[in-house]
Each structure stands twice: as C-alpha cells, then as structure tokens.
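> Show me the folded form of this:
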Amino acid sequence: MKSPKFQLGQVVITPGARDAIAESGQTVEFFLDQHRAGNWGQVDGEDWQSNDQALVDGTRLLSAYTTLKGVKIWVITEADRSASTLLLPSDY
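This is a model prediction of the structure:
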C-alpha cells in the first residue's frame, strides 16, 4: 500500500457492510487501504476534488467502492479523523 494520507481513527462497520464484504470474499482492510491511500473509488469528479481538498483543510472524507459481488460500500472518515465508518449507502 502507498503511504497513508491520513489517520482513520476508530474503525466502525455496519452489519450490512460487514456482511457484504464477507460475501464478496474481500477484506475490510482492502477498502480501508484504498481510502487511506487517497483512492476515493467511484465518486464523481467534484467529490474527488472535495476529498483532495479535505486532506488540506481537515473536512470529512467519503469514498465509494463496489464489492466483487456488486454491492456499493461507502467509507466515511470524520473531519476530526476520530473515526472511519464502512457502511452501505442505505445505512446512511
């Protein structure tokens, strides 16, 4: 993994996201590593730029990925970097 661009804080995962990741055969660490490295996944250009700016000004970060089984997973890191949550969009 590339060196992390920020700290994740406490990692929390919703039951739906945990189950979706397990069913895909992937790991929570895979998604967290992508997020922490600044690969924001399947966000649009504006959200990508917002995330890049958040690394500078310390606001919230949001990444979006799709598991190998086609389930969308979000990773949100709070502005104060105290916590990162993996969740399904429907959990938001």
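> could you point out the longest helix in this protein?
Assignment by DSSP state H gives helix 45-57 as the longest helix of the chain.
> just checking, next helix/strand downstream of it?
Where DSSP states H and E defines the elements, the next helix or strand beyond helix 45-57 is strand 61-66.
> what does that following strand contact?
The contact list for strand 61-66 (Cβ atoms under 8 Å, 6 or more residues apart in numbering) reads 6, 31, 34-35, 39-43, 47, 51, 54-55, 72-77. Placement of C-beta: from N, CA and C, glycine included.
> quick one, that strand and helix 45-57 angle?
140 degrees (axes from the mean of the first three to the mean of the last three Cα atoms, to 10 degrees).
> Buried residues in strand 61-66, which are they?
Neighbour-count burial for strand 61-66, counted by 16 or more other Cβ atoms under 10 Å, picks out Leu61, Leu62, Ser63, Ala64, Tyr65.
> Counting by contacts, list what the following helix or strand past it packs against.
The helix or strand immediately downstream of strand 61-66 is strand 72-77, counting by DSSP H and E. Counting contacts by 3 or more Cβ pairs under 8 Å, 6 or more residues apart in numbering; DSSP states H and E, strand 72-77 packs against helix 15-24, helix 28-36, strand 61-66, strand 83-87.
> picking up where we left off before, buried ones among the contacts of strand 61-66?
By neighbour count, with 16+ other Cβ under 10 Å, these hold 6, 31, 34-35, 40-41, 43, 47, 51, 54, 72-77 as buried.
> Hmm, Ala54 is touching Ile76, no?
No. Here Ala54 does not reach Ile76: they are 11.1 Å apart, not a contact under Cβ atoms under 8 Å.
> got any residues that touch both of those two?
Taking Cβ under 8 Å, 6+ apart as the criterion, Ala54 and Ile76 both touch Arg60, Leu61.
> Give me the contact list for the longest helix of the chain.
Under Cβ under 8 Å, 6+ apart, the answer for helix 45-57 is Lys5, Phe6, Gly38, Trp40, Val43, Thr59, Arg60, Leu61, Leu62, Ser63, Ala79.
> okay, the angle between that helix and strand 72-77?
On the basis of the same axes, to 10 degrees, helix 45-57 is oriented at 20 degrees to strand 72-77.
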